[in-house]
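Undergrad: coordinates for the following, if possible.
(one chain, ligands or ions: 1)
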Amino acid sequence: MQPDPGAAGPPRPLPELDAWNRAFWTGGAGGRLLIARCGDCGYWIHPPGPICPRCHSREVAPQPVSGRGRLLTFTVNHQPWHPAFPPPYVIALVELEEQPLLRLVSNVVDCDPDSVRLGMPLEVRFEPVEDVHIPLFRPLAAG
Ligand code: ZN
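TA: Numbering: from 1, shown residues only. Down below sits the predicted model:
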């Protein structure tokens, strides 16, 4: 039975996919975090777009990254803003290890929000919802 998108709504709000962000939101199906990268100068670009902001090349295409990064800043939300996100949960700005300022907004999961610390190493894991795989981050396993 097909879910009726107009009925109860999705379990969490989903991104609108377009030509530029589709790889980012669906790459998790293959277990990889895909980030747009300039084919001419190698600059990583997020949010993805058609033009490299550094060299203005249009040779931009998604490439896999390691999925590792560190916690740049975060907030613990205690308000029940959305039924799909029972509080408390961690809203995080994660800097990927590939490049300074290569940042994305996500959630830190699989840990006690009280244990979250600035700078902590993280790794991506994906939450499949319908046809997207939402990149979330968990503490990087030691060793
Ligand atoms: Zn470039």
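
Undergrad: up against the ion, what does this protein have?
TA: With C-beta under 5 Å from the ion as the criterion, the chain comes near the ion at residues C38, D40, C41, Y43, C52, R54, C55, S57. C-beta coordinates here come from the backbone N, C-alpha and C atoms, glycine included.

Undergrad: tell me how far the second one lies from E130.
TA: Between D40 and E130 the computed distance is 35 Å (C-beta to C-beta, to the nearest Å).

Undergrad: the two: which has the busier surroundings?
TA: Under the criterion of other C-beta atoms under 10 Å, the comparison of D40 against E130 puts D40 first, with 14 against 11.

Undergrad: just give me the neighbour total for the nearest residue in space to the more buried one that is not next to it in sequence.
TA: Among residues not flanking D40 along the chain, S57 sits closest, at 4.0 Å (C-beta to C-beta, 6 or more residues apart in numbering). Number of residues near S57 (other C-beta under 10 Å) recorded here: 15.

Undergrad: what's the answer for R12, then?
TA: If you count neighbours by other C-beta under 10 Å, R12 ends up with 13.

Undergrad: this structure: strands as residue ranges?
TA: Using DSSP state E, the strands of the chain run over 33-38, 44-45, 60-65, 68-77, 89-96, 103-108, 121-129, 132-139.

Undergrad: how about JSON lines for the residues of the chain next to the ion, with distance to V94 and pLDDT added?
TA: Formatted as JSON lines, the residues of the chain next to the ion follow (distance: C-beta to C-beta, whole Å; pLDDT from 0 to 100):
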{"residue": "C38", "distance to V94": "21", "pLDDT": "98"}
{"residue": "D40", "distance to V94": "26", "pLDDT": "98"}
{"residue": "C41", "distance to V94": "23", "pLDDT": "98"}
{"residue": "Y43", "distance to V94": "18", "pLDDT": "98"}
{"residue": "C52", "distance to V94": "22", "pLDDT": "97"}
{"residue": "R54", "distance to V94": "21", "pLDDT": "97"}
{"residue": "C55", "distance to V94": "25", "pLDDT": "98"}
{"residue": "S57", "distance to V94": "26", "pLDDT": "98"}
